[in-house]
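Peer 1: Structure for this input, please:
(chains A and B)
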There are 2 protein chains.
Amino acid sequence: MVTEQDDAEPQCDALARLKVALKKNRRDAHHRYFQLATVAADGSPRNRTLVFRGFAPGDERLLAITDTRSEKLAELSIGNTAEIAWYFTHTREQFRLRVLVDCVTQSSQAPAGLQLRNEVWRGLSDAAREQFFWLPPGQPLGTGTPPDAGDAAPDTFALLFLTPIRIDHLVLAKVQTRRLAQTTEGDWHEQSINP
Amino acid sequence: MVTEQDDAEPQCDALARLKVALKKNRRDAHHRYFQLATVAADGSPRNRTLVFRGFAPGDERLLAITDTRSEKLAELSIGNTAEIAWYFTHTREQFRLRVLVDCVTQSSQAPAGLQLRNEVWRGLSDAAREQFFWLPPGQPLGTGTPPDAGDAAPDTFALLFLTPIRIDHLVLAKVQTRRLAQTTEGDWHEQSINP
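Peer 2: So this is what the prediction gives:
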């Protein structure tokens, strides 16, 4: 099951604090929105808001969804590193997560990934699902061919696994604090740094 | 004077709508926070939250401030293109602004830029000013030498001019709309695109 607060003990204190922030900011509908930066083919940066879709069951990977026709997927096929900036407005703290991105589409070979992709699809609202049957995003209004609607996840639906490798956590309290966590081969090391 | 709603007629409808969004979301303290994506020397993306400091008087450039010791300034010296993702939580709309970034520091040669830099400095809260006299950001806690405090803008204070060249405006209403504005040599062209 995909959950925001999974049962597995987080390996990383910074991720544990992220989960606390998710809980504390739950009153805001936008607490699940973060900004994801990627790099385009010409080497310039791109940035957009995505919706957090929970953690992969039992591990540290964040989930998001995207349309396979969107530019971000092409960008992620060039370099699979992205950076999330996630500001929580109620508790006034920012998490910057450097992540490695894996994408699961209809044609993926990984059974576990495909199963989770279907599960996430089934959990979406009708409004969220509808977008994947719209005309190609970013094209002039009304051009292109919409995919066929159906119960199963359409070709256009991709599940993104975002694996954090570095977490920079800044708290904008009266006394600002900033902590940096980095991982090498699954071991997390954390230190306090100057804000 | 640096203002959020300047008197000059905006040349671009998308910028006019951004100004409306700033007004409509004023009730939220975080309405002035946006995320800025840049690219690091190794070609991977970076992302962080910045505070919007108004528009440059009489033109379309957005203002932000930064510490010259921060990594983003080094990143912007490699490529001066950045992308802002700015989500307004009350009106539920996103502006993605591709921007060219110019940086004015103590040693800049442009008198107008330096004057505005001083003006922005004088307009900052004490809390915002203090940060520029802290130890170097991002270094292990307590290392380095803080700059000398004083009334004048310190060496560490840089003013960023962000000139929009492309604005992608997505409105998450019941019927989603998305409009793309692009400029070539000051002329803006706008079209509706598929959300």
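
Peer 1: any chance you could map the strands in chain A?
Peer 2: A:33-39, A:45-51, A:62-67, A:81-88, A:93-104, A:157-171, A:177-184, A:187-192 (DSSP state E).

Peer 1: Briefly note if the last one comes near chain B.
Peer 2: Yes: in terms of C-beta under 8 Å from any C-beta of the partner chain, part of strand A:187-192 sits within range of chain B, namely A:Gln191, A:Ser192. Where C-beta positions appear, they are placed from N, C-alpha and C, glycine not excepted.

Peer 1: Now do that strand, average pLDDT.
Peer 2: The average pLDDT within strand A:187-192 is 96.

Peer 1: tally of neighbours for A:Pro137?
Peer 2: For A:Pro137, the neighbour count with other C-beta atoms under 10 Å in any protein chain shown is 20.

Peer 1: Could you count how many residues lie near A:Arg27?
Peer 2: Using other C-beta under 10 Å: A:Arg27 sits among 7 other residues.

Peer 1: right, is stretch A:86-106 up against chain B?
Peer 2: Yes: using C-beta under 8 Å from any C-beta, we find that stretch A:86-106 touches chain B at A:Tyr87, A:Thr89, A:Gln94, A:Arg96, A:Arg98.

Peer 1: any chance of the residues you listed in JSON lines, with pLDDT and neighbour count too?
Peer 2: Below are the residues of stretch A:86-106 next to chain B laid out as JSON lines (pLDDT from 0 to 100; neighbours: other C-beta atoms under 10 Å in any protein chain shown):
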{"residue": "A:Tyr87", "pLDDT": "98", "neighbour count": "25"}
{"residue": "A:Thr89", "pLDDT": "97", "neighbour count": "16"}
{"residue": "A:Gln94", "pLDDT": "98", "neighbour count": "19"}
{"residue": "A:Arg96", "pLDDT": "98", "neighbour count": "24"}
{"residue": "A:Arg98", "pLDDT": "98", "neighbour count": "23"}
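
Peer 1: what's the farthest-apart pair in those?
Peer 2: A:Thr89 and A:Arg98 (22.2 Å; C-beta to C-beta).

Peer 1: what's in contact with stretch A:130-147?
Peer 2: A:67, A:69-71, A:148-149, A:154-157, B:176, B:178, B:180, B:191-195 (C-beta atoms under 8 Å, 6 or more residues apart in numbering or on different chains).

Peer 1: which residues does the most centrally placed residue in chain A contact?
Peer 2: In chain A, the centroid-proximal residue (C-alpha atoms, centre = their mean) is A:Ala64; its distance is 4.1 Å. Applying C-beta under 8 Å, 6+ apart to A:Ala64 gives the contacts A:Leu36, A:Leu50, A:Val51, A:Phe52, A:Arg53, A:Leu159, A:Leu160, A:Leu162.

Peer 1: how about a cut-off of 6 Å?
Peer 2: Residues near A:Ala64 by C-beta atoms under 6 Å, 6 or more residues apart in numbering or on different chains: A:Leu50, A:Arg53, A:Leu160.

Peer 1: wait, doesn't the first one sit right on A:Thr38?
Peer 2: What that stands for is A:Leu50. No: with contact defined as C-beta atoms under 6 Å, A:Leu50 does not count as touching A:Thr38 (10.7 Å).

Peer 1: which of the two has more neighbours?
Peer 2: For A:Leu50 versus A:Thr38, the count of surrounding residues by other C-beta under 10 Å is larger for A:Thr38: 27 against 21.

Peer 1: State the pLDDT value of the more buried one.
Peer 2: So A:Thr38 comes in at 98 (pLDDT).

Peer 1: how far away is it from B:Ser44?
Peer 2: 9 Å (C-beta to C-beta, to the nearest Å).

Peer 1: List, one by one, the residues from chain A near chain B.
Peer 2: Within reach of chain B by C-beta under 6 Å from any C-beta of the partner chain, chain A has these residues: A:30, A:35, A:37-39, A:44-49, A:81-83, A:85, A:87, A:89, A:94, A:96, A:135-141, A:191-194.

Peer 1: Where does the prediction get shaky in chain A?
Peer 2: Confidence mapping of chain A against pLDDT under 70 gives the ranges A:1-10.

Peer 1: Distance of A:Phe133 relative to A:Pro147?
Peer 2: Taking C-beta to C-beta, one finds A:Phe133 at 6 Å from A:Pro147.
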